[in-house]
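1. need a structure here:
(chains A and B)
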Amino acid sequence: MSEAPIVSIKNLSKYFGRFAALENVSLDIQAGEIFALLGPSGCGKSTLLRIISGFETPSEGELLLDGEDLIPLKPNKRPINMVFQSYAVFPHMSVEDNVAYGLKMEAVASKDIKQRVAESLAQVHLTDFSHRKPHQLSGGQRQRVALARVLVKKPRLLLLDEPLSALDAKLRDAMRLELVKLQEAVGITFVIVTHDQSEAMAMADRIAVLSEGKLRQVATPAELYQRPVDAFVADFVGTIHAFDVVSVSISESDINKPLTITTNELGELVCPPSIAADSIFIDQGVSQLAGQSVLAVRPEHIELHLEAPHNNAAINQSSHGRAQLMGRLGDIAFQGQHSIVEVMLDGRDSLTAIVSNTVAQTLHQSGHGSPIWASWSTANMLLLPNHALPA
Amino acid sequence: MDSYKQKPLAFLSFGIPSIAWLLLFFMLPLAIIFMYSFGENVSVVEVKTTWTLDNYARIFQPEIMTLLWRTLWIALLATVICIVVGLPVALVIATAAPWAKAWLLLLIMLPFWTNLLIRTYSLLNILGTRGRLNEFLGWLWHKANDFLVFIGAGDLGLLGTKFVAFKFLGTPGGVVLGIVYVSLPFAILPIYSSLERMDTSYLEASMDLGAGQLQTFFRILVPLALPGILTAFLITFIPALGQFLTPELLGRGQVDMVANVIQRQFKGANDWPFGSALSLMLLYITFILLALRAFADAARSRRESRAL
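-> Prediction:
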């Protein structure tokens, strides 16, 4: 990562009237990586993509490609190509003509065009379809045409706007893998816009999470999942169950000492300091933690018991670093490799836990509504600022 | 929506009035005209259907062929102008902000609120030798001349010695202008609707692939708007072929189109059989055009379904 980034975005903002679609976004994209822009709809990720492609002009800030200012360049002058969400394969041209279009615009010699088009079509396995019209192709094939059409131009940067959203589920999974393989083969930097966290996680080398026009976090998929900067990111990249923090006692002298965190539902918990997001210490200061942060746990860390855990020798009270809650058994959803079990709680949204199918089977026999205990290790929790938890 | 099949009575009660109307006031007169076209004048007021082909044969005499040819090229030229002018206008409306779109469409529709006759008379006022347009052109000429004098080129006579008013009335050019004026909204609306429905990402994709504005216009936008352009062509050209009022008023009797001659057969010349044959000729041309379009559509959908 020491090399100069291929794309450098500095303090970029875009306003539509008084609405800020993007606010002070800064990020670098490294050459050769798959970079995902992830966020819910309306978060500004598509605006950012359109600014990079040249269809929108930023209100403020810098956009550099290989260190050169891109903003004055029209879309047709940028060495950047885009695969549109709708694919935008020209319906009045054959597959071959679609792929050749960009090269004709570059005034490439017709002999070379023929060869490069053939190569590009071979790359996406569409050689046999070169004379077909788009309406004679399936959605997946049309997407391949859109890919071939931009890859043939050998762009510095390839932008993909929700590339998999129009495909059916099975094809989507296959296409994820194929896109990653294709990217490895051609070595072109990919920027993928998506609202689907599993898609971003599966494909991207690094992910930028956006919400309400602001950049939340840029990290690798694993970092994003394990070390989210706040409750919004944690919730967006996976499921969390969050408990409002009432008070925190922390040793000012030694930040490596365990934290004692109190929440209404879980009582007083002793937690290792490593569970706190970095921003907790940098931005907030301990005094502001109460009321503005949450203690969260993910479903895969929750264990379920049919008897109270403190009767069980293996599991003890919260002083030993375990949290526990009692509830009633809700729905059990079979997922294939595992099952998702709902734990209904009084006065709060129910929890979900991911358990093995054998455990789910045992729980199922005890019947809907029977008492159940959920417990988890405090070391698996996350202490996160919650200023951005979605409503 | 096929419940009418179970209720034939309801279907008939809704269907019969309009069917009767069409039969009585459209098909029947058309049948009479058809009979007349094979008839002969036996007295001043009586036509006898003798199944003669003379009336059709007379269409092929030189002056009628000249007339048909003139009708054809005036209608064609007016249609082409309508499309060339209408396409950019449609593009502007289709890409305008939503609030502006409503106003622009209103402006296009506005002329329909005025009677065609009044609109055409107002054109007389504008296009006359001493009309507004010539007034304006004269004013421009004087300004330009003043400017030439000012820069010391007044003696060269670049613009002629005095302004000569353009003759619009009684010339084919004036008639074309009049037809364009009347038909332009009909050309704009179908093109507009095809552009409106067009996915703008095609245009963006073209730009993204390195095409400029002009290339995108001619290689992507026009081909994709082609169905709308074709509709605009037919919807302008067919009524233009049968234009009566515009050549009558703006042509000053010197630029006859076929409808003017047909009218004269029924009135002044009192030759209903020939007038009928000419009318039907116009109808046949229209049918042929529509049939061509239908064949083209059928051929395209056959091609598409075969490939799937």
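
2. Look at A:N81 and tell me its secondary structure.
-> strand (DSSP: H, G, I helix; E, B strand; the rest coil).

3. how far away is it from A:T358?
-> Using C-beta to C-beta, to the nearest Å, A:N81 is found at 50 Å from A:T358. All C-beta spots, glycine's among them, are computed from the backbone N, C-alpha and C.

4. Between these two, which is the more surrounded one?
-> A:N81 (27 against 9; other C-beta atoms under 10 Å in any protein chain shown).

5. How about that one: what's its closest non-neighbour residue?
-> A:V150 (3.7 Å; C-beta to C-beta, 6 or more residues apart in numbering or on different chains).

6. can you tell me the average pLDDT over the helix or strand containing that neighbour?
-> Using DSSP states H and E, A:V150 sits within helix A:139-151. Helix A:139-151 carries an average pLDDT of 94.

7. And the helix or strand just after that helix, how far out from the chain middle?
-> Once the chain leaves helix A:139-151, the next helix or strand it forms, by DSSP H and E, is strand A:157-161. Taking C-alpha atoms, centre = their mean, to the nearest Å, one finds strand A:157-161 lying 16 Å from the centre of the chain it belongs to.

8. Contacts (any at all) between chain B and strand A:157-161?
-> No - using C-beta under 8 Å from any C-beta of the partner chain, strand A:157-161 stays clear of chain B, with a minimum separation of 8.8 Å.

9. buried set for that strand?
-> For strand A:157-161, the neighbour count (16 or more other C-beta atoms under 10 Å in any protein chain shown) marks A:L157, A:L158, A:L159, A:L160, A:D161 as buried.

10. Identify all contacting residues around that strand.
-> Under the criterion C-beta atoms under 8 Å, 6 or more residues apart in numbering or on different chains, residues A:6-7, A:29, A:46, A:49, A:52-53, A:65, A:79-85, A:150-151, A:179, A:188-193 lie in contact with strand A:157-161.

11. what residues does chain A put near chain B?
-> Within chain A, the residues that sit near chain B (C-beta under 8 Å from any C-beta) are A:53-55, A:74-76, A:80-82, A:84-86, A:88, A:90-92, A:101-102, A:105-106, A:132-133, A:135-136, A:149-150, A:153.

12. Buried only: go through these for me.
-> A:53-55, A:75-76, A:80-82, A:84-86, A:88, A:90, A:101-102, A:105, A:132-133, A:136, A:149-150, A:153.

13. what's the nearest residue to A:D205 if we skip its chain neighbours?
-> Using C-beta to C-beta, 6+ apart, the closest residue to A:D205 is A:E33 (4.2 Å).

14. Tally up the residues packed near the one you found, please.
-> If you count neighbours by other C-beta under 10 Å, A:E33 ends up with 17.

15. The one 5 residues further on too?
-> A:L38 has 28 neighbours, counted by other C-beta under 10 Å.

16. Not including adjacent chain positions, what is the nearest residue to it?
-> A:L38 sits nearest to A:A200 (C-beta to C-beta, 6+ apart), 4.4 Å away.

17. tell me, how many neighbours does the one you found end up with?
-> 26.
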